[in-house]
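*Asks:* Sequence plus predicted model, see below.
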Amino acid sequence: MPTDRTRRWLLRATAASTATLLAGCRADEDGTEPGTDPSEPGASVGTPPTGTPCPDTPTTAPETAPPVDTDRERIDDWQYEPTPTPTHGRGGGGGGTATPMATATPVAESVGLAAGGAKDVGAFRRNVEEGYLPLPESLSYEGLFYDYYFETGDPGPLCGATFGPAYSPAVTADPLSGETERYLTVGLNSGLAADEFERKRLNLVVVVDVSGSMSEEFDEYYYDRYGNEQTPEGDTDRQKIEVAREALVALTEQLRPGDRLGVVLYNDESTVAKPLRPVEATDMDAIRAHIREDVEAGGGTRLSAGVADATDLLREYDDADRAVYENRMIVLTDAMPNLGETDEGDLRGRLADSAARQRYATFVGVGVDFNTELVDAITSIRGANYYSVHSAEEFTDRLGEEFQYMVTPLVFDLELSLDAAGYDIRRVYGTSAAEEATGQIMQVNTLFASPSEGGRSRGGVVLVQVDRQSADAALDLRVSWTDRRGRSHENATRIRFPDAEPDYYAHTGVRKAVLLSRYADLLKNWMVAARDAGGDHDRGTPAPDDGIAVPPPESELGEWEQQSEPLTVSDTYERRIREFREYFDSEAEAIGDEALSQELDTMATILAEGAD
């Protein structure tokens, strides 16, 4: 994608040199030596602790940076001139989303925390609505949890600390087998005041997929044109590239003086459409006009080239003050690369190398065929997350609500270890690093800031299923993490599961997490079984009294250029889903969260579509 334009900004634009610090002092990030953590309280198990109350006034005054010079001349530094590209070339493809059910805005309370990785299950929901069989990866546990607010337990006085865990147990019977299971939520609590929270300034590069598949309509699989064509339901006839343009414009509206913005476009090759330069020195209205007029789809999909160009732009600011600036790329794509580096490991390695240098990544999936399998794998790294978008209007609303949370990682390398021989970790739910768990260690790569409401946090728990080896065993937990300034923290606590018969829940937060994890396990097993039907894999049919098993590893599809599969439900899974739906309905009523009704609707749609 060549450009011959000589730009005035090369002579006249200068980089902004002043910045504001993230508002709000934190007890664990000021006046503390690395490797120590005198401010962090001990964790509790669903009961109020007896710790020392926080002082009435902060011990450290917040710093104030000099103001940004907003009087400088604003220039149009767009340097991309579109060239005609055939739209029939094979490109990469997109993902849709349902409106998040949790829409509260934090008011006069602490900021929440949520695990990185997926931030919704929109691609899963949209495929079900359109009569397609979703990829199992599209129903991620952390994405599902982020659709809901959770009670997280009481960690004790946090005194402004970034993170303080709380542990809440549950003893409950599998609804299909009756087998007793034990769970524990790790409540992700923060002491940062929501009304004082403000994101850092951004060095932001937005990378836009302009490949041929982005010219497809939003509710269709691009690669069905090469066979296997399906007819979706619905009345959406907008191209994915239209939604991507509007999403990019919406992103620019979230920026402010002190931020820097760059834009990269890629298809067969990649080009820097806009250099990474200060917002206050940029004619942003002109940039938005260029986005609407110049960004068109066509050609192949060289995702690696777009990521490489974005990395090069961010590299210039590797030495930026990280107390002031966050370096991040946001990639708008349908995630079906077919040129350059297409191997999952290579792409993940490239992003992981950048993350080690504090250049982080967010992916925004566009279209019903958004390849969650690839993006789920390559964003399970430090500082990464991903969203899916169904409409530009919905995405704009979401940005207005939580853009500052999207780009603000607060906790890294969270590790929970069990120091007791009496318990083993069986399964971890709610983190993209769940597969890295062992019998004694649970890991979470990143915790992002998240909205909170009424003492509940959006996506604010990680759920751990444990196996008890002896009746009198205590559970010794040691948790360690690193804050965003590289300081290490650690604390430990001992808990005992209550001597109770099923069903026991410490509070509605752990009850909701158990319910949603069982829901995801069952539907993942259904998706895997439906994809295997008639294929080379035979994983066996569950017996009527079998419980909800941990889903098997999904088979590798090999090609990111995915085609659709019609939604089907076997007789066995029709019975299991119908029985589980009754259990889910009763649990949702007990929990009292009306948002859970969307999962009842999804199961009803699956049963109806599968019967057709």
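*Replies:* Okay, I see it.
*Asks:* P275 belongs to a strand?
*Replies:* Yes. The assignment for P275 (DSSP: H, G, I helix; E, B strand; the rest coil) places it in a strand.
*Asks:* wait, isn't it in contact with Y80?
*Replies:* No. Look at P275 against Y80 with Cβ atoms under 8 Å: they stay out of range, at 10.8 Å. Backbone N, C-alpha and C define where each C-beta goes, glycine included.
*Asks:* what pLDDT does E246 get?
*Replies:* Listed pLDDT for E246 reads 87.
*Asks:* Low-confidence regions, the stretch 401-550 of the chain specifically.
*Replies:* 420-421, 433-440, 534-540 (pLDDT under 70).
*Asks:* residue ranges for the strands of it, please.
*Replies:* 409-418, 423-429, 441-450, 452-453, 456-458, 461-468, 475-483, 488-495, 504-505 (DSSP state E, counting those that start in this stretch).
*Asks:* I'd like the distance between the closest residue to E565 other than its chain neighbours and G610.
*Replies:* Take E565 and drop its neighbours on the chain: the residue closest to it by Cβ to Cβ, 6 or more residues apart in numbering is L133, 4.3 Å away. Remark: distance between L133 and G610 (Cβ to Cβ, to the nearest Å) = 10 Å.
*Asks:* Spit out the residues that contact these two alike.
*Replies:* Here L133 and G610 share the contacting residues 567-568, scored by Cβ atoms under 8 Å, 6 or more residues apart in numbering.
*Asks:* Report how many residues lie close to the residue nearest to E565.
*Replies:* Applying other Cβ atoms under 10 Å, we find 20 residues neighbouring L133.
*Asks:* my guess is it contacts P566, does it?
*Replies:* Yes. The criterion here is Cβ under 8 Å, and L133 meets it with P566 at 6.5 Å.
*Asks:* list residues touching both of these two?
*Replies:* By Cβ under 8 Å, 6+ apart, no residue touches both L133 and P566.
*Asks:* Grab the nearest non-local neighbour of R382.
*Replies:* Nearest residue to R382, sequence neighbours excluded (Cβ to Cβ, 6+ apart): A355, at 4.3 Å.
*Asks:* for the record, mean pLDDT for the strand or helix carrying that neighbour?
*Replies:* For A355, the host element (DSSP states H and E) is helix 344-356. For helix 344-356, mean pLDDT is 83.
*Asks:* So which bits of that helix are buried?
*Replies:* Buried residues in helix 344-356, counted by 16 or more other Cβ atoms under 10 Å: 344, 347-348, 350-352, 354-355.
*Asks:* Once you drop chain neighbours, what's closest to R427?
*Replies:* Looking at R427 with Cβ to Cβ, 6+ apart, the closest residue is Q465, at 4.3 Å.
*Asks:* Kindly provide the distance from the one you found to A471.
*Replies:* 18 Å.
*Asks:* who has more neighbours, the two?
*Replies:* Q465 (18 against 8).
*Asks:* isn't the more buried one right next to D424, touching?
*Replies:* No. Contact status for Q465 versus D424: not in contact, 9.9 Å apart, counting by Cβ under 8 Å.
*Asks:* For F412, give the beta-bridge partners.
*Replies:* Legend: beta-bridge partners of F412 under DSSP bridges are T446, T482.
*Asks:* From R531, how far off is the residue nearest to E565?
*Replies:* Here the criterion is Cβ to Cβ. By it, L133 lies 7 Å from R531.
*Asks:* who touches both of the two?
*Replies:* E565.
*Asks:* Distance from the chain centre to the helix holding A355, please.
*Replies:* Distance, stretch centre to chain centre, for helix 344-356: 17 Å (Cα atoms, centre = their mean, to the nearest Å).
*Asks:* tell me the mean pLDDT over whichever helix or strand comes after that helix?
*Replies:* Per DSSP H and E, the first helix or strand lying C-terminal to helix 344-356 is strand 359-366. For strand 359-366, mean pLDDT is 88.
*Asks:* now for strand 359-366, which elements pack on it?
*Replies:* Counting contacts by 3 or more Cβ pairs under 8 Å, 6 or more residues apart in numbering; DSSP states H and E, strand 359-366 is packed against helix 240-252, helix 303-315, strand 325-333, helix 344-356, helix 372-378, strand 385-389.
*Asks:* That one: partners in the sheet, and parallel or antiparallel?
*Replies:* Sheet pairing of strand 359-366 (DSSP bridges) gives strand 325-333 (parallel), strand 385-389 (parallel).
*Asks:* Report the rounded mean pLDDT for the first one.
*Replies:* The reference is to strand 325-333. 92.
*Asks:* angle of it against helix 240-252?
*Replies:* Orientation of strand 325-333 against helix 240-252 (axes from the mean of the first three to the mean of the last three Cα atoms, to 10 degrees) gives an angle of 160 degrees.
*Asks:* where's strand 325-333 relative to the chain centroid, distance-wise?
*Replies:* Strand 325-333 has its C-alpha centroid displaced from the chain centroid by 13 Å (Cα atoms, centre = their mean).
*Asks:* Run through who's touching that strand.
*Replies:* 19, 92, 94, 199-209, 244, 247-248, 251, 303, 306-307, 310-311, 314, 317-318, 320, 358-366, 383, 407-408.
*Asks:* got the angle between that strand and helix 303-315?
*Replies:* 160 degrees.
*Asks:* how close does the residue nearest to R427 sit to P498?
*Replies:* From Q465 over to P498 (counting by Cβ to Cβ), the distance is 16 Å.
*Asks:* try T446
*Replies:* For T446, the distance to P498 - Cβ to Cβ - is 32 Å.
*Asks:* of the two, who's got more company?
*Replies:* Taking neighbours as other Cβ under 10 Å, T446 and P498 compare with T446 leading, 28 against 13.
*Asks:* Show the contacting residues for the more buried one.
*Replies:* Counting by Cβ under 8 Å, 6+ apart, T446 makes contact with 115-116, 382-385, 409, 411-412.
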